[in-house]
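Participant: got a sequence here, can you build the structure:
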Amino acid sequence: MLPVLLIVDDERSTRDGLRAALEDDFEIYTAGGLAEAVEILKSEPVQLVLTDLRLGGDNGMEVLDAALDRPEPPTAIMMTAYGSVDTAVEAMRRGAWHFVTKPLNLDEVEMLLKRALRNRSLESENRRLTEQVRDQSGLDRLIGKSPAIARVADLVRQVAPTRATVLIEGESGTGKEVVAHTIHHLSGRPADRLVIVNCAALSPQLLESELFGHEKGAFTGATQRRIGRFEQAAGGTLFLDEIGEIDSATQVKLLRALSERTIERVGSNQPVKVNVRLIAATNKSLRELVADGSFREDLYFRLNVVNILMPPLRDRREDIMLLAASFLREFAKENDRPVKPLSDAAQALLVRYPWPGNVRELRTAVEHGVVMSNDEVIDTRHLPAFLSDPPPADRPATPAGEVPADDPQWAKINLDAHAEFNLSALEANAIRAALAHAGGNRTRAAELLGVSRRTLQRKLKDIEG
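Facilitator: Predicted coordinates:
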């Protein structure tokens, strides 16, 4: 479909000449004066207006005003044989996008109109993305009516406009990153960068370089200087996810960054000033990590200026259907499908399930239902099997927390009489049970245990010797 252009000029020869030159690329309407132009603006989806400044007894500025007064105003370009700086300034001040003088260069006019159209498209896309970010990053993303999520929303609203460091704690999948995005969006600085680092995904050396950057030659493979995430987030927000996984050496450097607002790139002793707002998240209790000596107490106090504890989904069951409704709309749109309701049985199943993977697990289950349903509703048979399937008939149900004795990969551990006092053995048993429940899927098992995949892999190596 061609873009719609309105040409307004009191000289018929000018209108006809412009039409002939431009009709291959535009759907064109023409008007000889203000009244005719206004009628076209009211009745047609005009995107571009090219109007003369002098229109016999009318004034092209009035056409400009009428065009810009439309609910979706077109982009306007003024043309005149009486070009002057004052006229151009006045036209631009009143909202014209550009200004050309007669006699017209038709190639120049065509190029200008196409530039105006591209600019209009970019502005439209920018508005759409801005609205999308606002919709996805405001408090409306903290979906729920439970007292637990209301407390979280109150804390977010209170802390967001400040520069205070925030520590978000909670089980995996409870929405800690959503809270970080919301705090950043409501901070009054949403145009500045939100930089995210998953601390558990990197080795200690790589994490140090990722956070603080490095100089050329700092280590093997460092062929050029690299700016770290602290510097990349200058003026904005740095979100450190799984903060409990960082090693002791990186903890020291992070403490200095928070205390002195300076960093040093790897391979340099030159301090670099940094101005960032720090938000950290963990699925562990940092207080317990401090108690067992694996996390610095002074760093914990620096991080824990404001603490937000994300409730597990099992403690906010009144929010399950609100979250499910939001996910239904999201995935219906994403998969170009109609929004379908959940059957009563499906709703009951979702509310009854314990959701060890929390909101993330619910989101996955709803997406599965949207994709699998070809009916008018989403029923229990469209939801993932793990929500409702009983153990196979030829295999007795395994008591909760135990590993099936005949599991081919994760054999049940036999503990001696004092095993209940052996923490290492209990931990190994819990890991094997989680792996059995997850069918050997380590990512799923890590979520059940409330640890990162990296931590689980490390513990498995210790168990397996």
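Participant: for the rest of this, base every contact and every neighbour count on C-alpha atoms.
Facilitator: Noted.
Participant: counting by contacts, list what the helix or strand harbouring residue 279 packs against.
Facilitator: Following DSSP states H and E, one finds residue 279 within strand 277-282. When contacts are defined as 3 or more Cα pairs under 8 Å, 6 or more residues apart in numbering; DSSP states H and E, strand 277-282 packs onto strand 166-169, helix 176-185, strand 237-241.
Participant: wait, a strand at residue 339?
Facilitator: No: with DSSP: H, G, I helix; E, B strand; the rest coil as the criterion, residue 339 is coil rather than part of a strand.
Participant: number of nearby residues for it?
Facilitator: Look at residue 339: counted by other Cα atoms under 10 Å, it has 17 neighbours.
Participant: as a whole number, average confidence for stretch 440-458?
Facilitator: Averaging pLDDT along stretch 440-458 gives 77.
Participant: render the CA-only coordinates of that stretch in PDB, please.
Facilitator: These are the backbone C-alpha positions of stretch 440-458, laid out as PDB (Å, rounded to 0.1, in the frame of the first residue of the first chain):
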ATOM      1  CA  GLY A 440      18.400 -36.400  35.100                       C
ATOM      2  CA  ASN A 441      17.900 -32.800  33.900                       C
ATOM      3  CA  ARG A 442      20.600 -30.800  35.800                       C
ATOM      4  CA  THR A 443      19.100 -27.400  35.100                       C
ATOM      5  CA  ARG A 444      15.700 -28.500  36.500                       C
ATOM      6  CA  ALA A 445      17.300 -30.300  39.400                       C
ATOM      7  CA  ALA A 446      19.300 -27.100  40.300                       C
ATOM      8  CA  GLU A 447      16.000 -25.100  40.300                       C
ATOM      9  CA  LEU A 448      14.400 -27.700  42.600                       C
ATOM     10  CA  LEU A 449      17.400 -27.500  45.000                       C
ATOM     11  CA  GLY A 450      17.500 -23.700  44.900                       C
ATOM     12  CA  VAL A 451      21.000 -23.500  43.600                       C
ATOM     13  CA  SER A 452      22.700 -22.500  40.300                       C
ATOM     14  CA  ARG A 453      23.500 -25.100  37.700                       C
ATOM     15  CA  ARG A 454      27.200 -24.200  38.200                       C
ATOM     16  CA  THR A 455      26.900 -25.000  41.900                       C
ATOM     17  CA  LEU A 456      25.200 -28.300  41.300                       C
ATOM     18  CA  GLN A 457      27.900 -29.300  38.800                       C
ATOM     19  CA  ARG A 458      30.600 -28.500  41.300                       C
END
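Participant: average pLDDT across stretch 121-141?
Facilitator: The pLDDT scores in stretch 121-141 average 61.
Participant: could you do stretch 167-184 as well?
Facilitator: Average pLDDT, stretch 167-184: 95.
Participant: alpha carbons of it, as CSV, please.
Facilitator: The C-alpha coordinates for stretch 167-184 follow below in CSV (Å, rounded to 0.1, in the frame of the first residue of the first chain):
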residue,chain,number,x,y,z
LEU,A,167,19.6,-6.9,47.5
ILE,A,168,16.8,-9.1,46.1
GLU,A,169,16.6,-12.6,47.7
GLY,A,170,14.3,-15.5,46.8
GLU,A,171,14.1,-18.9,45.3
SER,A,172,14.9,-19.4,41.6
GLY,A,173,12.1,-18.4,39.3
THR,A,174,10.3,-16.0,41.7
GLY,A,175,10.8,-12.9,39.5
LYS,A,176,14.0,-11.2,41.0
GLU,A,177,15.1,-9.9,37.6
VAL,A,178,11.6,-8.5,37.0
VAL,A,179,11.9,-6.5,40.2
ALA,A,180,15.4,-5.3,39.1
HIS,A,181,13.9,-4.1,35.8
THR,A,182,11.0,-2.4,37.6
ILE,A,183,13.3,-0.6,40.0
HIS,A,184,15.4,0.7,37.1
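Participant: who's in contact with that stretch?
Facilitator: 137-139, 141-142, 156-157, 159-160, 190, 194, 237, 239, 241, 279-285, 303-313, 357-361, 447, 450-451 (Cα atoms under 8 Å, 6 or more residues apart in numbering).
Participant: and if we set it to 6 Å?
Facilitator: For stretch 167-184, the external contacting residues (Cα atoms under 6 Å, 6 or more residues apart in numbering) are 137-138, 156, 160, 280-283, 303-304, 307-310, 312, 357-360, 447, 450.
Participant: check the offset of it from the chain's centre.
Facilitator: Distance of stretch 167-184 from its chain centroid, counting by Cα atoms, centre = their mean, to the nearest Å, is 12 Å.
Participant: next: stretch 434-445.
Facilitator: Centre-to-centre, stretch 434-445 and its host chain are 28 Å apart (Cα atoms, centre = their mean).
Participant: any idea how far residue 161 is from residue 186?
Facilitator: Distance, residue 186 to residue 161, by Cα to Cα, to the nearest Å: 7 Å.
Participant: what about the two, which has more around it?
Facilitator: Using other Cα under 10 Å as the criterion, residue 186 and residue 161 rank with residue 186 on top: 20 against 15.
Participant: strands along the stretch 301-450 of the chain, start to end?
Facilitator: Assigned by DSSP state E, counting those that start in this stretch, the stretch 301-450 of the chain shows strands spanning 306-309.
Participant: what bits of the stretch 151-300 of the chain have low per-residue confidence?
Facilitator: Low-confidence segments of the stretch 151-300 of the chain, defined by pLDDT under 70: 189-192.
Participant: all strands of it, in order?
Facilitator: Per DSSP E, counting those that start in this stretch, the stretch 151-300 of the chain carries strands over the ranges 166-169, 194-198, 237-241, 262-263, 272-273, 277-282.
Participant: which among those is found nearest to residue 68?
Facilitator: Nearest to residue 68 among these is strand 194-198 (35.8 Å), distances taken as Cα to Cα.
Participant: and for that closest one, what's in contact with it?
Facilitator: Here strand 194-198 makes contact (Cα under 6 Å, 6+ apart) with 233, 236-241.
Participant: list the buried residues of it.
Facilitator: 194-197 (16 or more other Cα atoms under 10 Å).
Participant: can you list the strands that it pairs with?
Facilitator: If you go by DSSP bridges, strand 194-198 pairs up with strand 237-241 (parallel).
Participant: tell me how far the strand it pairs with is from the chain's mean position?
Facilitator: Strand 237-241 has its C-alpha centroid displaced from the chain centroid by 13 Å (Cα atoms, centre = their mean).
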